[in-house]
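Student: let me see the structure of the following:
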Amino acid sequence: MVLIQEEEISVFSKKYQLSNSEILLIALNLNGVNSKQVKNPNVTRVRFSMKPEGDEDTYFLAVSLTKNTPFTYEKGVIKFYGKEIGKAGELQEDTCDSTYFRMGKNALTLNSNSRGNCRGCRFCGTYTLDVSPEEDLTNPENMRRKIGEIKKEGNLKDLSNMKNVGIVTGCFKDEETTLNHLIMVRKIFSEYGFKGEIVYIGSQIRSEESLDKLSKIGPFALYLTVECFERREKMMKPVKSSLTLEKGRDVLRMAKKKGIQTSFLYILGLDTLKSIKEEFPKYMGLITRHPVINLLQNYKEGDDELRAKGAQDFEYYLKARRKVEKIFAKTKMRPRIWENYRAPWSKTYNGEKLNGPKI
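Tutor: Numbering: from 1, shown residues only. So this is what the prediction gives:
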């Protein structure tokens with residue numbers, strides 16, 4: 001874990017010009033929470049909404065469930081070293097649910113190929129989560145059934161007001177299978193009035209031919225799963241690490257030229273600060289949206305060993321945050337809080353207030 005002492009909160013708050021609650025949200029994301037309310041010993045991750053003390057906004061968190069943390073969840077209250085720091089919503093087990101709403105009901109996360117059946121990347125904890133057999137949405141019949149459930153859950157007449165469907169899913173057999181799945185999702189969702197953007201989060205769409213086809217069937221965004229800059233072969237499964245950093249940037253370049261919205265996913269904690277400073281600028285001009293940066297969480301025993309030199313210290317994450325802000329400060333790109341519940345940002349960015357939906 002990346003433990004932080006109670007007295008360090010005010011020190012870091014003053015040094016980095018951040019509110020206590022923003023630092024506490026980072027610490028909570030990194031360290032997870034302990035709760036006596038969870039009786040099942042197999043549950044390792046939980047999720048809940050939280051309104052920090054003194055804040056107007058409510059945030060959503062998905063964190064590790066662990067005893068090795070200064071944070072506790074007790075009857076809707078989050079405590080830090082025994083002191084209340086905010087109110088929380090219902091404590092839920094974090095599973096491989098195939099779908100859930102974001103941005104109110106204007107965006108949907110779709111796990112259509114079961115991340116729980118995906119194996120190989122050392123930093124990923126989704127393979128430990130429960131997966132329902134009926135949640136395989138790789139065929140049209142199951143997809144249509146699921147859309148019916150989505151409409152019922154959200155009390156929606158159709159999907160015409162939905163702006164975004166993010167496909168956050170396990171790896172497919174190959175690029176062709178991935179492409180055909182994305183085309184299928186567009187076709188079936190359009191039957192229910194959906195005209196919004198489909199966001200593919202992955203690294204299996206690589207060819208100009210695939211990008212060309214996707215650019216012509218409706219609004220599309222490619223969020224490349226870069227994940228880390230160092231130790232890529234060690235950290236990732238071969239199907240992902242085979243896309244080198246240079247080749248990945250070529251894919252983003254091609255996508256942007258075709259009018260596709262572009263970004264990339266990155267896990268903060270796997271690389272040295274030196275790599276962050278050197279590598280992030282290489283994506284300038286290739287992406288149209290701020291990178292989706294996730295804090296490295298401990299999902300299982302031994303995950304602390306994955307952290308880069310210096311990443312065991314809490315201040316590493318504040319330094320990294322500042323480095324990224326300096327790189328993107330002069331652009332219009334800013335983190336979209338509703339899009340990432342594990343980000344090092346929640347309230348401000350380079351001193352600016354982050355507006356827009358939080359959940």
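
Student: drop to CA atoms for contacts and neighbour counts, all remaining ones
Tutor: Will do.

Student: can you give me the helices in the stretch 1-150 of the chain?
Tutor: Remark: helices assigned in the stretch 1-150 of the chain by DSSP state H, counting those that start in this stretch are 8-16, 20-31, 140-154.

Student: by how many degrees do the second one and helix 8-16 diverge?
Tutor: Translated: helix 20-31. 110 degrees (axes from the mean of the first three to the mean of the last three C-alpha atoms, to 10 degrees).

Student: with the longest one instead?
Tutor: Counting by the same axes, to 10 degrees, helix 140-154 points 100 degrees away from the direction of helix 8-16.

Student: other SSEs contacting helix 140-154?
Tutor: Helices and strands touching helix 140-154, by 3 or more C-alpha pairs under 8 Å, 6 or more residues apart in numbering; DSSP states H and E, are helix 175-190.

Student: what's the helix it packs on packed up against?
Tutor: Using 3+ C-alpha pairs under 8 Å, 6+ apart as the test, helix 175-190 ends up in contact with helix 140-154, helix 208-215.

Student: the first one to helix 175-190, inter-axis angle?
Tutor: Direction vectors for helix 140-154 and helix 175-190, defined by the same axes, to 10 degrees, enclose an angle of 50 degrees.

Student: so what strands line up beside the helix or strand where Y200 lies?
Tutor: Y200 is part of strand 197-202, with elements assigned from DSSP states H and E. Here strand 197-202 is paired, per DSSP bridges, with strand 164-168 (parallel), strand 220-227 (parallel).

Student: of these, which shows the lowest average pLDDT?
Tutor: Ranked by mean pLDDT, those end with strand 164-168 in last place, scoring a mean of 95.

Student: before we move on, the earlier item: which one, of the helices and strands packed on helix 175-190, ends up nearest to N34?
Tutor: N34 lies closest to helix 140-154 among the helices and strands packed on helix 175-190, at 29.7 Å (C-alpha to C-alpha).

Student: residues in contact with that closest one?
Tutor: For helix 140-154, the surrounding residues in contact (C-alpha atoms under 8 Å, 6 or more residues apart in numbering) are 99, 105, 134-137, 156-159, 184, 188-189.

Student: with stretch 64-78 instead?
Tutor: Residues outside stretch 64-78 that contact it (C-alpha under 8 Å, 6+ apart) are 1, 3, 28, 31-37, 43-46, 79-82, 84-91, 297-299.

Student: can you give me the buried ones in that stretch?
Tutor: Burial within stretch 64-78, assessed by neighbour count using 16 or more other C-alpha atoms under 10 Å, is assigned to 64-66, 69-74, 77-78.

Student: closest to V199 out of those?
Tutor: Nearest to V199, judged by C-alpha to C-alpha, of the buried residues of stretch 64-78 is S64 at 26.1 Å.

Student: bridging residues for that closest one?
Tutor: Counting by DSSP bridges, S64 is bridged to R45.

Student: so where is the stretch 1-150 of the chain shaky, pLDDT-wise?
Tutor: For the stretch 1-150 of the chain, applying pLDDT under 70 flags the ranges 96-98, 114-135.
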